[in-house]
Structures are given as C-alpha cells and as structure tokens.
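1. Any chance you could fold what I've pasted below:
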Amino acid sequence: MRSVLIITLVSCFCAAYEAKVFSKCELARKLKTKGMDGYHGYSLANWVCMAQYESKFNTRAFNGRNTNGSKDYGIFQLNSRWWCKNSNQPSANACSKMCNEFLDDNIDDDITCAKRVVRDPNGMSAWVAWVKHCKGRNLSRYLAGCNL
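-> Reported below is the predicted structural model:
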C-alpha cells in the first residue's frame, strides 16, 4: 500500500512538471480567441510559424545559451534582457513579469507579452526564428487542416 502511495505521489509530481505541447491547430485556436489574428498586421499563421520554430509549441521551452547572457522563456521564447525579469541580470522587463511565469501551461500572459513585443518598432523581427523561417514566406501550411 505504501509503495502504491509513493508511486502515485511521484507520478503526480512528475505530471505537474510536464510541459504542455500544443498542436499547431490547438495553438492557432487559442491565439485566435486572444485576438492574435491580424494583431499589429501579423496573420495567425505568422504567430504559429514563429512558435513552431521558437519552441516547437512547448510551453516550458527554455534557452539559457544566448551569447549576451540573457535567457529565453516559454512558447514564444520571451527574452530576459527585454521582456521579463529573472534573478540573475538587469532587465527592461517591458512585460512586467518574472520570466519563470512564462514556463507554465497557461499561455495567456505569454500572449499578452508577445503583443507587447510586436508593438515595438522591430515588430515580429524581434524573433530571429520568425525572420529566418517565416517572414515573407507562404505560411498557409501552418493553418492547414485547422478549420478555423
């Protein structure tokens, strides 16, 4: 009985820390309900493409290897130098959030911050992956089959 309880507790603990990985259509639906289709001139397909290349739709994606010492967090890989605050370095913290808040399965705050990012003059060019893989390309495949 005791071993069953321990296994159950360990399973719950591990499940609590598993990432939510969206499908492209699930993410597209979520982004659409949050007003991202056409936000600041960027189609829904641009947002889905960017998330694909930044995080593979993984809400707990983390990159701690930027050359300037900053780190990227969450499904949109929001950068600690500009958009959120971590405990290790100074930050503009333009989204007024702690970076680890972008690593949970609720992406509402990530979306709010992404909206803030594109209001800056660089727009979606703030995301290198978007520039490399999405900008100026046919992005229809990112919404194909989603029935939006």
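2. can you pull out the helices in this structure?
-> Using DSSP state H, the helices of the chain run over residues 2-16, 24-33, 44-55, 108-119, 128-133.
3. do you know which of the ones you listed lies nearest residue 146?
-> Using Cβ to Cβ as the measure, helix 24-33 is the one of these that comes nearest residue 146, at 3.8 Å. The C-beta positions use only the backbone N, C-alpha and C, and glycine is treated the same way.
4. quick revisit: export the helices of the chain to JSON lines and append columns for mean pLDDT, distance to residue 87 and mean neighbour count.
-> Listed next are those as JSON lines, based on pLDDT from 0 to 100; distance: least, Cβ to Cβ, whole Å; neighbours: other Cβ atoms under 10 Å:
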{"stretch": "helix 2-16", "mean pLDDT": "40", "distance to residue 87": "22", "mean neighbour count": "9"}
{"stretch": "helix 24-33", "mean pLDDT": "98", "distance to residue 87": "29", "mean neighbour count": "17"}
{"stretch": "helix 44-55", "mean pLDDT": "98", "distance to residue 87": "22", "mean neighbour count": "23"}
{"stretch": "helix 108-119", "mean pLDDT": "98", "distance to residue 87": "18", "mean neighbour count": "18"}
{"stretch": "helix 128-133", "mean pLDDT": "98", "distance to residue 87": "25", "mean neighbour count": "15"}
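5. Rebuild these as JSON lines, extending it with distance to residue 79.
-> Below are these laid out as JSON lines (distance: least, Cβ to Cβ, whole Å):
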{"stretch": "helix 2-16", "distance to residue 79": "26"}
{"stretch": "helix 24-33", "distance to residue 79": "20"}
{"stretch": "helix 44-55", "distance to residue 79": "11"}
{"stretch": "helix 108-119", "distance to residue 79": "9"}
{"stretch": "helix 128-133", "distance to residue 79": "10"}
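6. Contacts only, for the closest residue in space to residue 114 that isn't next to it in sequence.
-> Nearest non-adjacent residue to residue 114, counting by Cβ to Cβ, 6 or more residues apart in numbering: residue 76, 4.9 Å away. Taking Cβ atoms under 8 Å, 6 or more residues apart in numbering, we find residue 76 in contact with 50-51, 54-55, 102, 110, 113-114, 117, 127.
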